[in-house]
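J.: my questions are about this predicted structure, shown below with the sequence.
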Amino acid sequence: GGHQWAPEVAEEGKVFVGGLPWTYTASDLQKHFEIHGKVVTSKVVYDKEDPGKSRGFGFVAFESEEVAKKVVELGKGGKYMVEDRFVSIRPSLAHPVPQ
């Protein structure tokens, strides 16, 4: 049968990380999260008006969906730290698929 997509589909292996240190770059993010498993891509989101200014959040895509799930579990309850900051980690959501 055909899939009925829920409006919010988690992207396999990809997590959202919020509350990052302002100086953090995509490569810092990758280095940090590689302790859990192979990182395929990492991205820090920058301000549209000021491209040099981090908005303090980003995305990390792991090769393994299992690793991503483990990292999301570790992030539950807001006890996961990057540098000296508590960060929020959630599954990254794909854009809603039009019905």
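T.: Yep, it's here. Owing to the predicted nature of the structure, the values given are computational and were not obtained by experimental measurement. Residues are numbered from 1 along each chain as shown.

J.: okay, now the unreliable bits of this structure?
T.: Low-confidence segments of the chain, defined by pLDDT under 70, span residues 1-9, 95-99.

J.: what segments of it are helices?
T.: Taking DSSP state H as the test, the helices found in the chain are 26-33, 65-75.

J.: what's near enough to touch the residue positioned nearest the centre of the chain?
T.: Most central in the chain under C-alpha atoms, centre = their mean is residue 16, positioned 2.5 Å from the mean C-alpha point. Contact analysis of residue 16 by C-beta atoms under 8 Å, 6 or more residues apart in numbering lists 57-59, 88-93. Yep, even glycine has a C-beta here, placed from its N, CA and C like the rest.

J.: now tabulate these in CSV and tack on neighbour count and distance to residue 20.
T.: Converted to CSV, those look like this (neighbours: other C-beta atoms under 10 Å; distance: C-beta to C-beta, whole Å):
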residue, neighbour count, distance to residue 20
57, 16, 6
58, 24, 6
59, 17, 11
88, 14, 10
89, 22, 11
90, 13, 14
91, 20, 17
92, 19, 14
93, 13, 18
